[in-house]
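A predicted structure for the sequence below; I have some questions about it.
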Amino acid sequence: MVDPLMAKVLLVTGSSGLIGSEVCVYFAREGWQVHGVDNNQRAVFFGPQGDTRWNQARLSRELPGFTHHELDIRDRAGVLALVKAVRPTAVVHTAAQPSHDRAAAIPFDDFDTNAVGTLNLLEAVRQAAPEAPFAHMSTNKVYGDAPNRIALQELPTRWDYADDAYAGGIPETFTIDQSKHSLFGASKVAADVMVQEYGRYFGLPSCCLRGGCLTGPNHSGVELHGFLSYLVKCNLEGKEYKVFGYKGKQVRDNIHSLDVARFIAAFVAAPRAGEVYNLGGGKANSASILEAFEIAARCSGRAQVYSYQEQNRIGDHICYYSDLSKMRAHYPQWDISQTLEDTIRQIVAAWKARSA
C-alpha cells in the first residue's frame, strides 16, 4: 500500500504516448509528483506522423511540477541512475515498440526496446525502489494467434465466438504457447513473463496489463498502430483506409485511456505481486472494422473511404475481446466508464482540434 503521509512520486515511461500521458495527467490531478521518461522513439519507428513532441509539450504546459526526462529505456546505466535519483513511489511502464508489423523490419530494435528495456527498468526498480508498485503495459498479442482456434460464427457485420466458454471474452488463463505471435508479440511475451517473474521470484509488487485496443483522443494513430485513432483520421481526411482480410469483420475490444489510468491507480493503491490482467473494453466496447466505420461516420458526418486486401496481417486476431471478470473481482471499485461511441466522438473532436 502507498503511504498517504509520504510524498507520492510517479515514474512513467513512454510518458508522451497515449497511455503514458493519460496516466501522467490522472496521477498529477491526484496530487502526485510526476516524472516522465520519453525520447520520441515513436517518430523513429513510424516517421513524422508518429511524433509525440506535441504531447510532451502539453504535459509540461498543463501539469504543475511535471518533469520530463529525455532517456532511452535501452540505456541500462541511465535507467538505473534515474530510478536512484527519483526514488519513485510507483512505476508505470508504457514505453515500447508497439507495432507487430513494424517489428519484422527492426527485430533488434523491437526486442531491445520491449524485452531488454523492460528488464532494465525492473532491475533498477528492484535495486532502488523495491516497494514501488510496477504496472507494465503488456498486450493481448502475447496470446499470439491462438484465439483464432476458437470456433467462430460469422454474423452480418462481425465474427464472434461460437464457443459458449468464451461468451464473456478471453480470460487470463488462455494459452500463450505454440502460436504465431509476430516478433512484436514474442518480445512482449518476454517482457510480460519477466515482469511476472520479478513479482513471483523477488516479491516485487507488479502486474502485466494485457491491453486490447487502447485508444483515446490523445493518440497519434498511424496505419501500423492505433486502430481507432488512425481510422478516424482517415475518415476526417477522406483518406483510404486499408482493410486486411477477414472481410473487415475482425473484432477488437476498445478501452479508453482514461479507464486504463483508473485501473492502474486502483492497482497502485492495492498492489499484488506478479499478477496478470486482460485490460480491454470487454464485449460491450467491442467492434469490427465495419462497425467502427459506421460509428465513425455517424460521429463525423462523413462516409468512410476504404479498400480491401484479402491477405490478413500475420498473427492477427479474427476476434478478440477481453474477459474483465478477474479485474472486476480484484478491484470492484473499477469498471468501464467510457462507451465506445463516446470514445470515438472524443477522437473525432481531438483530430479536428489538432488540424485546426
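It's in. Residues are numbered from 1 along each chain as shown.

can you pull the pLDDT of His225?
At His225, the predicted lDDT confidence score is 61.

what's the answer for the one 3 residues further on, then?
The predicted structure scores Leu228 at 89 on the pLDDT scale.

and the gap between it and Asn278?
The span separating Leu228 from Asn278 equals 18 Å under the rule C-beta to C-beta, to the nearest Å. C-betas here are computed from N, CA, C, even on glycine.

tell me which of those two has more neighbours.
In this view Leu228 and Asn278 are compared by other C-beta atoms under 10 Å, and Asn278 has more residues nearby, 29 against 23.

what's near enough to touch the more buried one?
Asn278 sits next to Asn140, Gly169, Ile170, Pro171, Glu172, Arg210, Gly212, Ser322, Asp323, Leu324, Lys326, Met327 when contact means C-beta atoms under 8 Å, 6 or more residues apart in numbering.

mind doing that once more with 6 Å?
Counting by C-beta atoms under 6 Å, 6 or more residues apart in numbering, Asn278 touches Glu172, Arg210, Ser322.

what does the helix or strand harbouring the second one rub up against?
Right, the one you point to is Arg210. Take DSSP states H and E as the rule and Arg210 turns out to sit in strand 206-211. Outside of strand 206-211, the residues within contact range by C-beta under 6 Å, 6+ apart are 134-140, 192, 195, 198-199, 267, 274-279.

just the buried ones from these?
Among the contacts of strand 206-211, those buried by neighbour count (16 or more other C-beta atoms under 10 Å) are 134-140, 192, 195, 198-199, 267, 274-279.

and the contacts of the helix or strand of the chain with the lowest mean pLDDT?
The helix or strand of the chain with the poorest confidence is helix 41-46; it has a mean of 76 (mean pLDDT, DSSP states H and E). With contact meaning C-beta under 6 Å, 6+ apart, helix 41-46 is reached by Gly50, Asp51, Thr52, Gln97, Arg102, Val222.

ok so, going back, in helices only, show me the contacts of strand 206-211.
Cross-referencing these against helices under DSSP state H gives Asp192, Val195, Tyr198, Gly199, Phe267.

dump the residue contacts of the third one.
Under the criterion of C-beta under 6 Å, 6+ apart, the contact partners of Tyr198 comprise Leu122, Leu204, Ser206.

the fourth one now?
Residues in contact with Gly199 (C-beta under 6 Å, 6+ apart) are Ser206, Ala273, Gly274.

so which of those residues is the closest to Ile295?
Proximity of the contacts of Gly199 to Ile295, judged by C-beta to C-beta, is greatest for Ser206, which lies at 35.6 Å.

what is the neighbour count of the closest one?
There are 29 residues near Ser206, going by other C-beta under 10 Å.

residues in a beta bridge with it, which ones?
According to DSSP bridges, the partner residues bridging Ser206 are Phe134.

state the pLDDT value of it.
If you check Ser206, the pLDDT there is 98.

sketch out the low-pLDDT regions of this structure for me.
Judged by pLDDT under 70, the chain has its weakly predicted residues at 1-6, 220-226.

which of the contacts of Gly199 sits closest to Ser21?
For those, the nearest to Ser21 is Ser206 (21.9 Å; C-beta to C-beta).

same list (the contacts of Gly199) but as CSV, adding distance to Asp316.
What follows is those, written out as CSV (distance: C-beta to C-beta, whole Å):
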residue, distance to Asp316
Ser206, 29
Ala273, 33
Gly274, 29
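
one step back: of the contacts of Asn278, buried ones?
The neighbour-count test (16+ other C-beta under 10 Å) applied to those identifies Glu172, Arg210, Ser322 as buried.

ok, the first one - contacts?
Meaning Glu172. The contact partners of Glu172, taken as C-beta under 6 Å, 6+ apart, are Val276, Asn278, Lys326.

not counting sequence-adjacent ones, nearest residue to it?
Leaving out its chain neighbours, the residue that sits closest to Glu172 by C-beta to C-beta, 6 or more residues apart in numbering is Val276, at 4.9 Å.

in CSV, list the C-alpha atoms belonging to the helix or strand containing Gln56.
Here Gln56 is covered by helix 53-62, with elements defined by DSSP H and E. What follows is helix 53-62, C-alpha atoms only, in CSV (Å, rounded to 0.1, in the frame of the first residue of the first chain):
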residue,chain,number,x,y,z
ARG,A,53,6.5,16.0,-29.0
TRP,A,54,3.2,17.9,-29.1
ASN,A,55,2.0,15.7,-26.2
GLN,A,56,5.2,16.2,-24.2
ALA,A,57,4.8,20.0,-24.6
ARG,A,58,1.2,19.7,-23.4
LEU,A,59,2.2,17.8,-20.3
SER,A,60,4.9,20.4,-19.5
ARG,A,61,2.5,23.2,-20.1
GLU,A,62,-0.5,21.8,-18.2
